[in-house]
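Participant: any chance you can model this:
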Amino acid sequence: MEHNRTFTDKTLLFIKGLAMGAANKVPGVSGGIVAFVVGFYEEFIYSLRRVNTKAFRLLLGGRFRSFYKYVNGPFLSILITGMLFSYFSVSKILDYFLERKELYVWSLFFGMIIGSIYFIYNEFEAWNKKTLSMGVFGLLAGISISFLSPARENDNLIFIFFCGIISVSGMTLPGLSGSFILILLGNYVLLLVDAVNALYDTLAELIRGDFSFVRNQERMDTLVILAVFTGGSAVGLVTLSHILGYVLKHFRNLTTAVIIGFITGSLGVVWPWKKSIFLLGSDGAPVLDSSGNRIIVNYQRYLPDPAATETWWAVVYIFLGVVILVALEWYGKYRLKDA
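Facilitator: Prediction:
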């Protein structure tokens, strides 16, 4: 882990947090891909692994400075701040362009993932029968998930806790989108729309000194669901990071091969030429998320029309995405040489 970061390093880490937060917001795109591609994935997983019994003993013992240092606080605090800031800024801009220029946004993502696959594949020098078979396994798993159909909503608290564990997968597993998994589990609206809105309304009422929500049984039930979901997310984040840290340490090549295959399989989700299938309510009208956008539950993919001008603009954005990754890779190697 790095402890002495320059102002430039901190700024870049904050920007990476912005990118990771924005990626986590989009169904089908994984924040873990950002971490893996731009080179802080292992430090991210390692830092999360430090949230263990020793960390809690330091925290409960009032040794806050030791706790902060032990969990790699300088790294996590900047990264998480960037992710939170992204929710109120970059992700809002992303929502805007997804509503109006969806084809070009997906094209940019598609190009960036192609670029990331190319560089990760080139850096990986341990291909053999075992790693190749694990890569194929990851590829098939990624493709399969991208074509699954959503389940029905389920508000059972045990299932909600499980959803919380699974939802953070997009942060820790490159290529696996947490929001897309919640759509497949049928609880995207309940957990990321209804529960978030309930929390927002409750906080707004508390600020006004209004405590009437305690008599609103539906609101209280939704807040309980949100609390259980948050608890599951916290457990999932720590648990998955420990599992991934272990397999990266003991089965590094096999794990990397699976990740390469899984990211490749996720190209099916970010294929630019597709029509969004939106979630409809009982009245037949589209259901909106907390940002006022229609909620996507699946995609109808199609082949591009070579005669359409927008097709060639989409190709330009794909190349732009690749160029961005080339620039990031070049900058990363340049920094290593100067270090």
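Participant: just give the closest residue to Leu182, not the sequence neighbours.
Facilitator: In this structure, Leu182 finds its nearest non-sequential neighbour in Tyr188, 4.3 Å apart by CB to CB, 6 or more residues apart in numbering. Where C-beta positions appear, they are placed from N, C-alpha and C, glycine not excepted.
Participant: and the one you found, what pLDDT?
Facilitator: We have a pLDDT of 75 for Tyr188.
Participant: touching, it and Gly178? I think so.
Facilitator: No - taking contacts as CB atoms under 8 Å, Tyr188 lies outside contact range of Gly178: 10.1 Å.
Participant: distance of Ser77 relative to Gly186?
Facilitator: Distance check for Ser77 against Gly186: by CB to CB, to the nearest Å, it reads 34 Å.
Participant: please apply the same query to Val315.
Facilitator: The gap separating Val315 from Gly186 is 36 Å, by CB to CB.
Participant: element containing Thr311, please.
Facilitator: Element membership of Thr311 [criterion: DSSP states H and E] is helix 309-338.
Participant: just for the stretch 101-250 of the chain, where's the confidence low?
Facilitator: Where the stretch 101-250 of the chain drops to pLDDT under 70, the residues are 146, 149-151, 170, 175-177.
Participant: show me the helices in it, by range?
Facilitator: With DSSP state H, counting those that start in this stretch, the ranges of helices along the stretch 101-250 of the chain come out as 102-123, 129-146, 157-167, 169-172, 178-185, 188-189, 195-207, 217-250.
Participant: now render the ones you listed as a markdown table, adding distance to Ser86 and mean neighbour count.
Facilitator: Output for the helices of the stretch 101-250 of the chain, formatted as a markdown table (distance: least, CB to CB, whole Å; neighbours: other CB atoms under 10 Å):
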| stretch | distance to Ser86 | mean neighbour count |
| --- | --- | --- |
| helix 102-123 | 15 | 20 |
| helix 129-146 | 24 | 17 |
| helix 157-167 | 17 | 20 |
| helix 169-172 | 13 | 25 |
| helix 178-185 | 14 | 23 |
| helix 188-189 | 19 | 22 |
| helix 195-207 | 16 | 15 |
| helix 217-250 | 17 | 17 |
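Participant: got a markdown table for these, with distance to Ile259 too?
Facilitator: What follows is those, written out as a markdown table (distance: least, CB to CB, whole Å):
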| stretch | distance to Ile259 |
| --- | --- |
| helix 102-123 | 8 |
| helix 129-146 | 7 |
| helix 157-167 | 18 |
| helix 169-172 | 11 |
| helix 178-185 | 16 |
| helix 188-189 | 25 |
| helix 195-207 | 30 |
| helix 217-250 | 10 |
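Participant: out of these, flag the one nearest Leu303.
Facilitator: Leu303 lies closest to helix 102-123 among the helices of the stretch 101-250 of the chain, at 13.3 Å (CB to CB).
Participant: what's next to that closest one, contact-wise?
Facilitator: 26, 29, 33, 36-37, 94, 97-98, 256, 259-260, 263-264, 266-267, 270-274, 276, 310, 313-315, 317-326, 329 (CB atoms under 8 Å, 6 or more residues apart in numbering).
Participant: drop anything exposed from those.
Facilitator: Buried residues within the contacts of helix 102-123, counting neighbours by 16 or more other CB atoms under 10 Å: 26, 29, 33, 36-37, 94, 98, 256, 259-260, 263-264, 266-267, 270-274, 314, 317-318, 321-322, 325, 329.
Participant: so which of those sit within helices?
Facilitator: Using DSSP state H, the members of the buried ones among the contacts of helix 102-123 that fall in helices are 33, 36-37, 94, 98, 256, 259-260, 263-264, 314, 317-318, 321-322, 325, 329.
Participant: Ser169 against Leu237, yeah?
Facilitator: No - the pair Ser169 / Leu237 is not scored as a contact, 9.5 Å apart, by CB under 8 Å.
Participant: now name the helix or strand holding Ser276.
Facilitator: With DSSP H and E as the test, Ser276 turns up in strand 274-278.
Participant: neighbouring strands - and their directions - for that strand?
Facilitator: strand 296-301 (antiparallel) (DSSP bridges).
Participant: Val270 and Leu98, how far apart?
Facilitator: Noted for Val270: a distance of 12 Å to Leu98, by CB to CB.
Participant: do the same with Gly284
Facilitator: Distance from Gly284 to Leu98, by CB to CB: 23 Å.
Participant: and Phe110, by the same measure?
Facilitator: To Leu98, Phe110 is 14 Å away according to CB to CB.
Participant: confidence score at the residue found closest to Ser89 once you drop the neighbours it is linked to in the chain?
Facilitator: Closest residue to Ser89 in three dimensions, ignoring its sequence neighbours and counting by CB to CB, 6+ apart: Leu18, at 7.6 Å. On the pLDDT scale, Leu18 is placed at 85.
Participant: now do the strand or helix carrying Leu18 against helix 102-123, angle only.
Facilitator: Using DSSP H and E, Leu18 sits within helix 7-25. Counting by axes from the mean of the first three to the mean of the last three CA atoms, to 10 degrees, helix 7-25 lies at 120 degrees to helix 102-123.
Participant: and Leu48, which of the helices of the stretch 101-250 of the chain is closest to it?
Facilitator: Ranking these by their distance to Leu48 (criterion: CB to CB) puts helix 217-250 first, at 3.4 Å.
Participant: now the angle between helix 178-185 and that closest one, please.
Facilitator: For helix 217-250 against helix 178-185, the angle by the same axes, to 10 degrees is 120 degrees.
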